[in-house]
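Novice: No sequence on hand, only this structure:
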């Protein structure tokens, strides 16, 4: 479970989709689950993500009561749709930086000298580490949802077709079948691509070319490695 | 209209229970539209759903349900009026569609009718819409997604639903990928 990277557009899109028919992350009252996710969202969602924005503004209105809301905060991976992984914080710099984006932050929590020094040290370390390996090939990990026409579509054959697509810089990973209802399953498959060589457009074109099996395909998650 | 909860007296019983009032007032009805009437002990009788509902809220000492500031109070009153004048007695399918469409748009950026706070407007809009929403098809519920979300939220709000049927909302994930 999770929303992908909540600091990326894709993550907010997941959040938006998830909240389309819900008022809160869990149940029917605001809870620590909302606060946990709220704190992970660094910037207010854009206007077109109106479900996410509605939720964001609503949770913001609980700012003063946030400590008294029921529930216990859990890891972000415990919330959200079952078919999306939580990657918030794993893609960026080190996760300690999360603490800097505290929207409820009060003035009392002044950063101590010690913490400041430590943070600067880490930043310097990170910068030097980054400088050492500049020639890295940009890669992305993709999670694709491939949907069949109906429950009679041979999913084994469908997967075979998808895996038969070969391109320079494209590596297929693990896959699983996820039930979507009425006995229909969709294929969820992971792959790693080199950004410069393979684009999602190309993948979509190639996969939907198997039109006997594939009804549609979309990208469930997109993460830079 | 059928014997839905939209009928005044019955609905006021529901409201009393959800407000935690145990006394149980007796209501009369008046006129062709069966406007509810409440005879109070102390003063003149109260007529009309919103008048009595407001009185009950004050009796239960839950004034925050009427709105916590001037704007919110105005919005609550506006929606109570809307409820009584636009939704009650509505049986024309086209008119209902227009109501749901407008409401869907209105609720797009709101969790409760007034925005962020639960009020009497949510309760009475919920009671008033219950029989309408119960008749919707799965596709329609999905079409009025924001209304469905709000409705589902309110029916799960502690104490509101009482004996009314729980309406089930399923998001059909097969067809929702048309972005």
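Specialist: Done, it's in. Fair warning: this is a prediction, and the values are worked out from it, not measured in the lab.
Novice: Now for the nearest residue to residue B:26 once chain neighbours are set aside, how many residues are close by?
Specialist: Counting by C-beta to C-beta, 6 or more residues apart in numbering or on different chains, residue B:39 is the residue found nearest to residue B:26 once chain neighbours are left out, at 7.7 Å. Any C-beta I mention is one placed from the backbone N, CA and C, and that applies to glycine too. Neighbourhood size, residue B:39 [other C-beta atoms under 10 Å in any protein chain shown]: 12.
Novice: Go ahead and confirm residue B:39 touches residue B:45.
Specialist: Yes - between residue B:39 and residue B:45 there is a contact at 4.5 Å, judged by C-beta atoms under 8 Å.
Novice: Work out the sheet partners of the strand or helix carrying residue A:190 and label each with its direction, please.
Specialist: Under the criterion of DSSP states H and E, residue A:190 resides in strand A:184-194. Note on strand A:184-194: by DSSP bridges, its sheet partners are strand A:139-148 (antiparallel), strand A:170-181 (antiparallel).
Novice: Identify all contacting residues around the first one.
Specialist: What that stands for is strand A:139-148. Residues from elsewhere that reach strand A:139-148, judged by C-beta atoms under 8 Å, 6 or more residues apart in numbering or on different chains: A:83-85, A:155, A:158, A:162, A:173, A:178, A:180, A:184-195, A:200, A:203, A:207, A:213-225, B:174, B:177.
Novice: The lowest-mean-pLDDT helix or strand in chain A: how far from the chain's middle?
Specialist: Lowest on mean pLDDT, DSSP states H and E among the helices and strands of chain A sits helix A:113-132, with a mean of 79. Relative to its parent chain, helix A:113-132 has a centroid offset of 27 Å by C-alpha atoms, centre = their mean, to the nearest Å.
Novice: Show me what counts as buried in it.
Specialist: Using 16 or more other C-beta atoms under 10 Å in any protein chain shown as the burial criterion, the residues of helix A:113-132 that qualify are residue A:119.
Novice: Stretch B:23-36 now?
Specialist: So stretch B:23-36, judged by 16+ other C-beta under 10 Å, has buried residues B:25, B:27, B:35-36.
Novice: What is the most widely separated pair among those residues?
Specialist: Taking every pair in these and measuring C-beta to C-beta, the maximum separation is 15.3 Å, between B:25 and B:35.
Novice: check contacts around the closest residue to residue B:47 other than its chain neighbours.
Specialist: Using C-beta to C-beta, 6+ apart and skipping residues adjacent in sequence, the residue nearest residue B:47 is residue B:37, 5.2 Å away. Residue B:37 makes contact with B:27-30, B:45-47, according to C-beta under 8 Å, 6+ apart.
Novice: can you put these in CSV and add secondary structure and pLDDT?
Specialist: Output for the contacts of residue B:37, formatted as CSV (DSSP: H, G, I helix; E, B strand; the rest coil; pLDDT from 0 to 100):
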residue, secondary structure, pLDDT
B:27, strand, 83
B:28, strand, 83
B:29, strand, 82
B:30, strand, 80
B:45, coil, 86
B:46, strand, 87
B:47, strand, 87
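Novice: what's the nearest residue to residue A:29 if we skip its chain neighbours?
Specialist: Nearest non-adjacent residue to residue A:29, counting by C-beta to C-beta, 6+ apart: residue A:70, 7.0 Å away.
Novice: Off-centre distance for stretch A:32-42?
Specialist: Distance, stretch centre to chain centre, for stretch A:32-42: 14 Å (C-alpha atoms, centre = their mean).
Novice: go on, stretch A:207-225?
Specialist: 17 Å.
Novice: Then stretch A:170-180?
Specialist: 16 Å.
Novice: picking up where we left off before, could you single out the nearest of the contacts of residue B:37 to chain A?
Specialist: residue B:27 (29.9 Å; C-beta to the nearest C-beta).
Novice: what is that closest one paired to in the beta sheet?
Specialist: When bridges are called by DSSP bridges, residue B:27 pairs up with residue B:38.
Novice: so who does it touch?
Specialist: So residue B:27 contacts B:8-9, B:12-13, B:36-38, B:52 (C-beta under 8 Å, 6+ apart).
Novice: Which parts of the next helix or strand after the strand holding residue A:190 count as buried, going by neighbours?
Specialist: Note on strand A:184-194: by DSSP H and E, the next helix or strand toward the C-terminus is helix A:200-208. For helix A:200-208, burial by neighbour count (16+ other C-beta under 10 Å) applies to A:203-204, A:206-207.
Novice: same check, this time on stretch B:139-155
Specialist: Buried residues in stretch B:139-155 (16+ other C-beta under 10 Å): B:141-142, B:144-155.
Novice: Looking at those, point me to the pair that's furthest apart.
Specialist: Largest separation among those by C-beta to C-beta: B:142 and B:154, giving 18.2 Å.
Novice: what residue ranges in chain B score low on pLDDT?
Specialist: For chain B, the stretches with pLDDT under 70 are B:1-7, B:171-179.
Novice: what residues does whichever strand or helix holds residue B:82 touch?
Specialist: Residue B:82 belongs to helix B:70-82 when elements are defined using DSSP H and E. In this structure, residues lying in contact with helix B:70-82 by C-beta under 8 Å, 6+ apart are B:49-50, B:53-54, B:65-67, B:113-115, B:117, B:119-121, B:124-125.
Novice: Which members of the residues you listed are positioned in helices?
Specialist: Mapping those onto helices (DSSP state H) picks out B:49-50, B:53-54, B:120-121, B:124-125.
Novice: ok, now how distant is residue B:69 from residue B:39?
Specialist: Distance, residue B:69 to residue B:39, using C-beta to C-beta, to the nearest Å: 33 Å.
Novice: With residue A:22 instead?
Specialist: Taken as C-beta to C-beta, the span from residue A:22 to residue B:39 is 43 Å.
Novice: do the same with residue A:48
Specialist: For residue A:48, the distance to residue B:39 equals 53 Å [C-beta to C-beta].
Novice: My read is that residue B:20 contacts residue B:158, right?
Specialist: No - with contact defined as C-beta under 8 Å, residue B:20 does not reach residue B:158; the gap is 10.4 Å.
Novice: Please report how far residue A:176 lies from chain B.
Specialist: Going from residue A:176 to chain B by C-beta to the nearest C-beta, to the nearest Å gives 16 Å.
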